[in-house]
Structure formats: C-alpha cells, structure tokens
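# here is a sequence with its predicted model. Questions after.
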Amino acid sequence: MKCRILRRDKLTDWLAELLGTGRQLIAPQREGEEVVFKPVRAADEILLDYGNTRWPLKEWFFPRSEPILRYRYRGSSVELEQPHLGLEPRVIFGVRPCDATGVMILDQVFHSDYEDEFYTRRRAMTTIVGLACTEPAEACFCTAVGLSPTSSEGCDMLLTPMGDESYLVETPTDKGKQLLWEYAHYFGAGECGSKEMVTEAAEAKLSRRAWLAQGIEAVDGLFEHPIWTELARKCVGCGICAYVCPTCHCFDILDEADAWGGVRCRNWDSCAFSLFTLHASGHNPRPEQDARYRQRVMHKFSYFPQRFGRVMCVGCGRCVAACPVNLDIYETAQAVLSRAATMPNAHENPGRKRQPPHSV
Amino acid sequence: MPDENWQPRIVAFVCQWCTYAGADLAGTNRMKYEPHVRIVKLPCSGRIDPLFLVKAFEQGADGVLVSGCHPGDCHYVSGNMLARRRFTVFRELLNFLGLEPERLQFSWVSAAEAVKWTEVVDAVTEEIRRLGPRKLSWGQGPPGESFKFQVSSSKVEPETWNLKPEIQKAAEEGIRRIARQLLQTGEVGVVVGYGKGTLNGVTTPVFITEPDEVEQLVWNEHCLNNLSVYLTRNLVRELGRVGVVAKGCDAKALVVLLQENQICRHDLSIIGVPCAGMLENGRLAAKCATCDVHRPPLYDHLAEVEIGSEEAEADPRDAEIAALEALTPAERWAYWQEQFSRCIRCYACRAVCPLCYCDTCIVEKTQPQWIPPAFDGKGNLSWNIFRAFHLAGRCVGCDECARVCPTHIRLDLINRKLALLIREEYGYRAGYETGAAPPLTTFRPEDRAEFIR
C-alpha cells in the first residue's frame, strides 16, 4: 500500500531544520528523573522512546498561572496594562494521541459560551505533531474511553512508527498539511504496512479494557448514594490528579496586590480542595472529601458528556500513577458505572445520614 | 547597575513594652541614628509570627530586624523566650535556604536602652548597606542555567533488604487475625490497613468494617503510606473507633497526634507491625535505612514477627545537608529556588502529612492572603518555608511529603535539617514520648541564642 512516509533516519534532520526556521519547537526531553515537554535547543535532545510525559500538554495553552491584567495606581486613577503574550508560531512535537485529544476537549471548553482570548491565541499559533503510542504504560486505558494509542484526533500531523524504517504520516488538518507542504522534501511516498496492525499490537498491550466511554446516565439517587463515601474515604484531598490531568481545566482568579498596584492572576485550581467551593459566608456546599471526589468523577463521566457529548477523560493514566493513595479513576468509573446501570431509576433517595465525627 | 542613591529598606518588628519604648526614648533624647528602619509595633516578640518577616521580604525589604525585651523581662512572663526558640529555628531554616544571615537580625533592647537601639540600627543598616540591595527578589533564582547541586545518591541498594516472604506472610496473617478480632468484639468500628493496589509495586489504604473483609488486608514491601493521616479525617472517624495498622515510623506520627491532643488514646487501637523496611522505586527507602523504630514505639496489638536486629545506618541525607551547608548562601539560594520553581502547589505534601491536620491551612487564609496563591517564585518560596516551619519540632521523618511530591522537591532534606537542629539545640526528637512538651511550645531560661544582639 502506498502512503506518505517519513524515514526514521530523517526525523532528527527534519526537527533540526524546523528548529532553525523561526518556529519555536517544543518536544519531550529529559529533566531530572522525568520526561517533560520543553522548548528544544538541540534536536538530538528530543526523546522518542518515552511512555508519556510527566505533565500533559495543557499548560502550553492554559498555563498554571497566568496574569490576565496588571494595574498600577496613578494618583487618583488606575492604569491598566494588558499582559504581553509574546507569541510566536510553534510546533509541539511528540504528543501522544491521548494528550492531543485532551487538547481537543479543552478546545470545546474554552470555545464554548465564552471565547477565551488567551487560550485561543495560543492555540491558533500552535501546530501539534503527534507520535503514536506503541508501548502503553501499565496505568493507561485509552481504549476504555473510546480512544486508541494511534488515533490522530486532535493532532495536526500524526507520525505512526511502521517497523524500523519509517513513520506513516497523517495530516488530518490544514495546519498539518501546511507543515507537510513546507517540508515536502522530507516526506516521500512509500510502501508501508497496515496501520491497523500497529494499532492492534499497541491495543493488545493495554490491560485495562472495560468500556467507560458511555459515561454515567443521570440516574436518580446516584448523587446521594453512599458509594461516593466508600470510594473517597482514602482520598487525602491533594490536587495532583487535577494538575496532571490533560482535561481538567478549573481555575481561580485572584488579585495579588501591594500598595502600588497589582496583578490579576488566573491560577489552576482543583475540586479536591475544600477552598474550591467555600463561600464567603463560611458555608461549604461540598463539606467533605466524598462530595469533592464525586464532583471530579461526575464532571468527567456525567456532566461533561451531557453537555459536550463525550467523557472528559482520555485514559492517559497519569492520575492513577501519581495518586499518593492509589485512588484509581479507572476502577472508580467502573464501580460507579455498574452501580448506575443497576439502579432503579425511581425517586428513591437513600440519602446519607452523616453521624457527627466520633467524639475525641 | 546599582542605583547610587540606593538606601536599604529595613523593617523592624518590635515589642511595645521594651524595644518600642527604647526607640521612643532615643527619639525624645534626640539621638541621631540611621533613618532606614520602618518600625512595626507588636504587643510582644512572642506575637511576631515568622509570616510577618516573610511578608516583609516578599514585599521587597532588604533586611528585617526583630527586637524584644531581654529574657526574663517579658511583660507576659515568657513570650520572648518562646520567640527565642522560634526564631532560632526560623533563622536556621532561612539560612539553609540561602538567605544571607545578615538580612535577618535579632536583638534584645530594653525600654532604657536607647543607646543600644541606635547602635543596633546603625550596625544592622551598615551590614545591609554593605551587602547592597537584594539582587534577586523573593522566590527568584539567578537567570540563565539554573544551579544544579549534585550529591552522589547514597540510597541503600535492595540487597540489604531483609524482609523475607515467609515473614511477610506471618505479619499479614497476624494483621488479619487482630483485625478480625477487633471487629468481631466491637472494639473498633473500622480497621485502616493496606490493601492490594491497582498497579504493580503499590498498595492502597483500605477501610475494613466487617470481620469477613479482613482478607483484603495485605502486608508486603510496598506498604509505604503513613495511615495515621486518616485518624483526623471525618470520613474515617464517623465509622467509630479506629484500628490502624502502624509501622514504627507511622506510630511516631500517632505519638505526636496524641501529644497534640488531636486524637484520643481511648478511641484508637494501634495494630503495630514490626517492619524491616519498605521499598521505594525498587530501593530501600532512605528513612528505612536509618530507621531506629523497627518495632513500633507504641501499639495495642502486635502482629509479632521476627525481623532480626537491624543497625540504624548513618542517614545519607546528612552528607547532602552538610554539602549544601558548605556552599555559599547565593549557591544555596539558587539550588532551592530551582527546586521550588518546580512546585505546582498541589499541596500533596500537606495532604499526606499526618501532622498537617489544620481545618484551615495558612495557605487558605485569604484575609490577608498570607501566601501568594499564584504558582510562581514568590508564593512557592513562602509556601515551602511555612510548610517546613509549621512542622519544625513535630515532623517525625516519615518522608511521605517527599515520596508523593510530583516534582521531586527535596522536602526531606529540609525536614531532616530542622530535625537535626532541634535535636542539637533542645535535645528533642519528635515521636517518641506522648508526654513530652513539643520543643517550640516550651523553653528553658538557659536556651542559647548567640545570634541575638
């Protein structure tokens, strides 16, 4: 079968040339004990044989902390300053398909009822070059949420390793086609095997294969079901899962001010924190960790699918591997899905009578 | 280019009874001294929270001066002696993180010592003027390639690991037997133990409430979590009396929780397990190589197994700490700023810490916002200072914070440094005696503090 290919021995040359053309190149590189996406200085520092990066792609579009405006007092008036994004066209190379889909999910959020200027501008300047995954990690479960280790969804260009010689090149978007056209001399037509076989081989290595992509129906009684307390009892309430998640996108906006002015900053936030829902009155509608964990799971598997038509999880397994107490969203989703499936959809609410904490 | 008109900005936090009165006397006597100190008056040096000092640095102070009554002269009897211990530890912490020691100064100035006040201010101003303005702002590292500090990793190889499968099996059976008995007799409502994890090399906390569920409890070389963190959690406490599986290091945390009245001894059954060590990333965890509590110091029921006698080795981190201390402050500063720049404020260090039990953490206090919430140098440095300082004299070295940190910040080095300091200064080790007074809540009149002018 004839298809568009990139020879493996040409890949570094291509990346080196990309690096010299005024585009910023961001790719997985080693940093201490971890592999992370960072700007490339030399093409030979780019890693190709990594499982997945420590952090997802989202921080390149939606930074951990982002100043959205600065202000300064001038006498009796206030001077506002828009932050300078300092953007240049950039290519992010080596993105796993799960992360690329994560960006698509963020697109849906940040382009929904409000067009987020900061996100949109960064997104428009970026071309995503994916690298299909042939060695899924132990915690991975992308097929369970309807994805595949070789899916091109979310990528502008996807490279799939086909044997030892070459990569199959797919360009599902115009940005990808543009990139291909610009560097056409690297991308030849050639013989390559069947992608289905590569996909099947990669998928066969996944051990977590329950089907979770249907999401959780809005079932009466599930919200108040004691299962949430049972599942969340071990949760210690840190924010690791939300911060390593390619799709979690909650943030908080705060002013950091001194006597002369300040900056209004948008910071990542996590529904696992008690402060996330604390009202100014002191009332907290999610008073304990079970309510907070329920929010995390229901947002991913129920509320988001109801609104956007797909589950908000890409099965990258990062939260599973990084959780201090091994609270596993794959297991949780399975438990909740099966519970929801068997629940009588009646107006029956078992409720949960919380006892006061044991006396001390 | 340094501004030639630059003058130091120094913030002085002083007690109202002595130093403030002394400064007042200097004023009414028209004494002439350096004018670069801004005074903040507080009721007592015991009221001067290190938060204030950090806030001053964060907002750009070049130096900070803390001053109160001489020991023995406190209007409130002992506030200054408590402050002396607190600042001994706090100053060492900032020193360890690379703040030049001249920038943080302390003195005792009485209401009569107007002359001393002018001398202290002149001397402090002169020292800070000599250092010049702070080149790097709070939480900022040097530009360019960040400073990397390398020490040879001295973690012990797994060959020294001596927990044999048959011993693990015996301990596991012991735990199950005790748990079943506790649940059957109604002595506890829940047993918190280790269960099989969903990934290789991982266990997960389990909460057993029925006697026939005890088969879920496991014991192997991956039981790293410190389960005592759950004893202060409402979702666990609401199940009744708690039985908790505890290694020696975990039991030390229970000792501190009891000492600080966070749990009641009568509401707790400790299932102690003798432990020869746990593996972390395939190697014996650092805390295990140096462990001196292979048998829990405190338990109600013991899953008795023979583990042999293990000699505690020298802590490999002590060499790392010594190597860091041999660097210049600027190098140490660069090292720690690089470490803290990786902090993503997920607060996992706090969440897994059994001794971080406050309902409202300092970082959640928003009026005022003591710790800047943005994930940048300023807030990251302040957060990491206070996480460490709030555990000074309390941390039992279970290393959970360092284990879970997703960016591998060397929190264990900071905790260990403070533990060593407190042991040296006050002869105290946390987690051994439920009756002992925590070192920063007490004092001795003869406590040393030569750095105080």
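Good, I have the coordinates. As the structure is a prediction and not an experimental result, all values here were calculated from the model.
# which element, helix or strand, includes residue 128?
Let's take chain A. strand A:126-131 (DSSP states H and E).
# correction: the question concerned chain B.
In this structure, B:Ile128 sits in helix B:114-131 according to DSSP H and E.
# also B:Leu418?
In this structure, B:Leu418 is located in helix B:411-426 according to DSSP H and E.
# cool, and B:Arg38?
Using DSSP H and E, B:Arg38 falls in strand B:37-42.
# quick one, that strand and helix B:114-131 angle?
With axes from the mean of the first three to the mean of the last three C-alpha atoms, to 10 degrees applied, the angle from strand B:37-42 to helix B:114-131 works out at 120 degrees.
# show me where pLDDT drops low in the stretch 51-200 of chain A?
By pLDDT under 70, the stretch 51-200 of chain A has no low-scoring segment.
# would you map the helices across it?
Counting by DSSP state H, counting those that start in this stretch, one finds helices in the stretch 51-200 of chain A at the ranges A:97-110, A:117-124, A:174-182, A:195-204.
# which residues of the stretch 101-250 of chain B lie near chain A?
Within reach of chain A by C-beta under 8 Å from any C-beta of the partner chain, the stretch 101-250 of chain B has these residues: B:189, B:197-200, B:202-207, B:225, B:229-230, B:233-242. (Each C-beta comes from the backbone N, C-alpha and C, glycine too.)
# got the residue ranges for the helices in the stretch 51-200 of chain B?
Going by DSSP H, counting those that start in this stretch, the stretch 51-200 of chain B shows helices at B:79-96, B:114-131, B:165-184.
# and for the second one, what are the contacting residues?
Read it as helix B:114-131. By C-beta atoms under 8 Å, 6 or more residues apart in numbering or on different chains, the residues outside helix B:114-131 that reach it are B:7-8, B:10, B:12, B:19, B:22-23, B:25-26, B:29, B:31-34, B:36-37, B:62-63, B:65, B:67, B:100, B:102-103, B:105, B:107, B:109-110, B:453.
# restricting to C-alpha, output that helix in CSV.
Output of helix B:114-131 as CSV, limited to C-alpha atoms (Å, rounded to 0.1, in the frame of the first residue of the first chain):
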residue,chain,number,x,y,z
ALA,B,114,18.0,54.0,73.8
VAL,B,115,21.7,54.0,73.1
LYS,B,116,21.7,50.3,72.4
TRP,B,117,18.8,50.8,70.0
THR,B,118,20.7,53.4,68.0
GLU,B,119,23.8,51.1,67.9
VAL,B,120,21.8,48.1,66.8
VAL,B,121,20.1,50.1,64.0
ASP,B,122,23.4,51.7,62.9
ALA,B,123,25.1,48.3,62.8
VAL,B,124,22.3,46.5,61.0
THR,B,125,22.0,49.3,58.5
GLU,B,126,25.7,49.2,57.9
GLU,B,127,25.8,45.4,57.3
ILE,B,128,22.9,45.5,54.9
ARG,B,129,24.3,48.5,53.1
ARG,B,130,27.5,46.5,52.6
LEU,B,131,25.5,43.6,51.1
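# coming back round to it: ranking the helices of the stretch 51-200 of chain A by burial, who's on top?
Mean neighbour count (mean count of other C-beta atoms under 10 Å in any protein chain shown) peaks for helix A:97-110 among the helices of the stretch 51-200 of chain A, with a mean of 23.
# once you drop chain neighbours, what's closest to B:Lys196?
Once flanking residues are discounted, B:Lys196 sits nearest to B:Val218: 5.5 Å by C-beta to C-beta, 6 or more residues apart in numbering or on different chains.
# skip the chain neighbours and tell me the closest residue to A:Val91.
Excluding its sequence neighbours, the residue lying closest to A:Val91 (C-beta to C-beta, 6+ apart) is A:Thr127, at 4.8 Å.
# how many neighbours does the one you found have?
Neighbourhood size, A:Thr127 [other C-beta atoms under 10 Å in any protein chain shown]: 19.
# from memory it sits against A:Thr171, does it?
No: between A:Thr127 and A:Thr171 there is no contact under C-beta atoms under 8 Å: 10.2 Å.
# overlap in contacts of these two?
Between them, A:Thr127 and A:Thr171 share these contacting residues under C-beta under 8 Å, 6+ apart: A:156-157, A:179.
# quick check: of those residues, which lies closest to chain B?
Comparing those against chain B with C-beta to the nearest C-beta picks out A:Asp156 as the nearest, at 27.8 Å.
# next up, the contacts around that closest one.
Residues in contact with A:Asp156 (C-beta under 8 Å, 6+ apart) are A:127-129, A:171-173, A:175-176, A:179.
# could you dump those residues into a markdown table with distance to B:Ala322 added?
Shown next, in a markdown table, are those (distance: C-beta to C-beta, whole Å):
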| residue | distance to B:Ala322 |
| --- | --- |
| A:Thr127 | 49 |
| A:Ile128 | 47 |
| A:Val129 | 47 |
| A:Thr171 | 56 |
| A:Pro172 | 56 |
| A:Thr173 | 56 |
| A:Lys175 | 54 |
| A:Gly176 | 54 |
| A:Leu179 | 52 |
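# returning to that earlier point: now, of the contacts of helix B:114-131, which are buried?
In terms of neighbour count (16 or more other C-beta atoms under 10 Å in any protein chain shown), the buried residues within the contacts of helix B:114-131 are B:8, B:10, B:12, B:19, B:22-23, B:25-26, B:33-34, B:36-37, B:62-63, B:65, B:67, B:100, B:103, B:105, B:107, B:109-110.
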